[in-house]
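1. here is a sequence with its predicted model. Questions after.
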Amino acid sequence: MYIKELSLTDFRNYGDLDIKLDKGINIFKGDNAQGKTNILEAIYLCATARSHRTHKEKEIIKWGTEAAHVRIRLQKNYVEDIIDFHLNQNTKAVAINKLPIAKLGELFGCLNIVMFSPEDLQLIKNSPKERRRFIDIELCQIDKMYYYALRQYHKVLKQRNLTLKQYYMTKDTSMIDIWDIQLEQYALDVIDKREKFIEELNKIANKIHFDISGGKESLEVIYEPNVSATDYSNKMLKYREKDILYQNTSIGPHRDDLKFMINGMDVKMYGSQGQQRTVVLSMKLAELNIMKQHIGENPVLLLDDVLSELDDHRQVYLFKYTKNIQTFITCTGIEQSVWNTQKIGKLYYVKEGKVISKDF
Ligand SMILES: Nc1ncnc2c1ncn2[C@@H]1O[C@H](COP(=O)(O)OP(=O)(O)OP(=O)(O)O)[C@@H](O)[C@H]1O
């Protein structure tokens, strides 16, 4: 799939923007704080209904205006889709082909993206939350049932935690029992789907990593569920007293993690910075590959200021695996390796929320 056209209205530092995009590589070049990442954020919003960098979505509305709007015209294998994302002070609304969707989850799978930014390079060192986010963003895009299970899981979890907080007044466990029955069904679904996904990811990331490391390193991606599906109900009962005491649910997939091993060594503890970066690159490329297999066409790749963080060798691999994929690159300067090895489709100069394009 590829994005043919992007229009922004009162989005971040853009008033009105309407740009046509290339099927191949689109580069957005400009100094810091000019609006390059804002473009990728708009695309990300149309894929996930969320911003990749803020939970306070009202921040995206251009200062001094009332509402922000993004429109994407998307070409898929056989059809053209239009995605409209609208945000005002009170509501967020999405329409696909001019028909408003009732639930934001319906958007998942319409535009598939993989984003790679310098923060991702910290994936291994960062908190488990970031690693869960990595799994969730990918899985939600390829499996709508996962999205619903995860959403329901978090909704019920919130209710259970609220009930735990009220326990000291009510001394009633019947409500906790009710939440536990519901929670179990969603938890097991989430664990099962994560398990299968990591198994697939592991196989592909291993091959890619082996290739990038010149056959020297064997990567293993290990799913570390906080609790296995078979132990789930027993552990929930066992930890209930503790949960009541701490007023929080201590067991479940909201505490899952991932572990990375190279030739049997824990990368988080012992890996060099270079090894950690290569693992993340392998993971991202595996992510692209899995998405392609599941949706039957290439997703769109967003590279936010990440090229300058990758050495020539890693850049070569990145581009080797992303041929024929529509790619958006933001940068302050263009790496020589890109000029030398890549056919650039369009180059955009970004300055103070204005964009000037140059065709190749
Ligand atoms: N709601 C908003 N209204 C108007 N301008 C905004 C809003 N939110 C952010 N900006 C402006 O957008 C600019 C930042 O844009 P962006 O994050 O895309 O920068 P960038 O070009 O990617 O920079 P860098 O290279 O530093 O990452 C800043 O000038 C900021 O003041």
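-> Received it, and whenever you're ready, just let me know what you need. Residues are numbered from 1 along each chain as shown.

2. got the contact list for the nearest residue to Leu111 once chain neighbours are set aside?
-> Nearest non-adjacent residue to Leu111, counting by Cβ to Cβ, 6 or more residues apart in numbering: Ala47, 4.4 Å away. C-beta here means a position set from N, CA and C on the backbone, and glycine is covered the same way. Ala47 makes contacts with Leu107, Phe108, Cys110, Leu111, Asn112, Ile113, Gln141, Val300, as judged by Cβ atoms under 8 Å, 6 or more residues apart in numbering.

3. how much space between Ala47 and Ile137?
-> 9 Å (Cβ to Cβ, to the nearest Å).

4. work out for me the element Leu347 sits within.
-> For Leu347, the host element (DSSP states H and E) is strand 344-351.

5. hmm, Lys242 is touching Asn248, no?
-> No - contact criterion Cβ atoms under 8 Å: Lys242 and Asn248 do not qualify, at 9.0 Å.

6. what's the local residue count around the closest residue to Glu224 other than its chain neighbours?
-> Of all residues not flanking Glu224 in the chain, Asp257 sits nearest, at 4.5 Å (Cβ to Cβ, 6+ apart). When neighbours are counted by other Cβ atoms under 10 Å, Asp257 registers 16.

7. Tyr148 too?
-> For Tyr148, using other Cβ under 10 Å, the count is 16.

8. distance-wise, check it relative to Asp189.
-> 9 Å.

9. which parts of the protein belong to which domain?
-> Per the record, the chain has its domains at 1-112+299-360, 118-298, by automatic domain parsing.

10. need those in JSON lines with distance to the ligand and mean pLDDT, can you?
-> JSON lines is the format used below for the domains of the chain (distance: least, Cβ to the nearest ligand atom, whole Å; pLDDT from 0 to 100):
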{"stretch": "domain 1-112+299-360", "distance to the ligand": "3", "mean pLDDT": "92"}
{"stretch": "domain 118-298", "distance to the ligand": "9", "mean pLDDT": "95"}
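
11. where exactly do the helices run in the stretch 1-150 of the chain?
-> Counting by DSSP state H, counting those that start in this stretch, the stretch 1-150 of the chain has helices at residues 36-48, 128-142, 144-170.

12. just the stretch 201-350 of the chain next, same as before
-> When secondary structure is read from DSSP H, counting those that start in this stretch, the stretch 201-350 of the chain shows helices at 232-238, 240-246, 267-270, 273-295, 312-321, 336-341.

13. and the longest one, what does it pack onto?
-> In other words, helix 273-295. Contact partners of helix 273-295 among helices and strands, from 3 or more Cβ pairs under 8 Å, 6 or more residues apart in numbering; DSSP states H and E: strand 113-116, helix 128-142, helix 174-212, strand 219-224, strand 257-262, helix 267-270, helix 312-321.

14. now with 7 Å?
-> Packing partners of helix 273-295 (3 or more Cβ pairs under 7 Å, 6 or more residues apart in numbering; DSSP states H and E): strand 113-116, helix 128-142, helix 174-212, helix 267-270, helix 312-321.

15. compute the inter-axis angle for that helix and helix 128-142.
-> Interaxial angle, helix 273-295 versus helix 128-142 (axes from the mean of the first three to the mean of the last three Cα atoms, to 10 degrees): 20 degrees.

16. what of the fifth one?
-> Relative orientation of helix 312-321 with respect to helix 128-142: 20 degrees, computed using the same axes, to 10 degrees.

17. quick check: buried residues in helix 312-321?
-> Using 16 or more other Cβ atoms under 10 Å as the test for burial, helix 312-321 gives Arg314, Gln315, Tyr317, Leu318, Phe319, Tyr321.

18. which strands and helices sit next to that helix?
-> So helix 312-321, by 3+ Cβ pairs under 7 Å, 6+ apart, packs with helix 273-295, helix 336-341.

19. put together JSON lines for the ones you listed, with mean neighbour count on each row.
-> Converted to JSON lines, the helices and strands packed on helix 312-321 look like this (neighbours: other Cβ atoms under 10 Å):
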{"stretch": "helix 273-295", "mean neighbour count": "21"}
{"stretch": "helix 336-341", "mean neighbour count": "12"}
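
20. so for Leu6, which of the helices of the stretch 1-150 of the chain sits nearest?
-> Across these, Leu6 has its closest neighbour in helix 36-48 (6.7 Å, Cβ to Cβ).

21. what number of residues lie near Lys343?
-> Neighbour count of Lys343, defined by other Cβ under 10 Å: 8.

22. contact partners for it?
-> Lys343 sits next to Gly24 when contact means Cβ atoms under 7 Å, 6 or more residues apart in numbering.

23. try Gly109
-> Gln141, Lys144.

24. measure the nearest residue to Ile39 once chain neighbours are set aside to Asp359 for me?
-> Spatial nearest neighbour of Ile39, chain neighbours left out: Phe28 (5.8 Å); criterion: Cβ to Cβ, 6+ apart. Using Cβ to Cβ, Phe28 is found at 14 Å from Asp359.

25. so between these two, which is more surrounded?
-> Phe28 (25 against 9).
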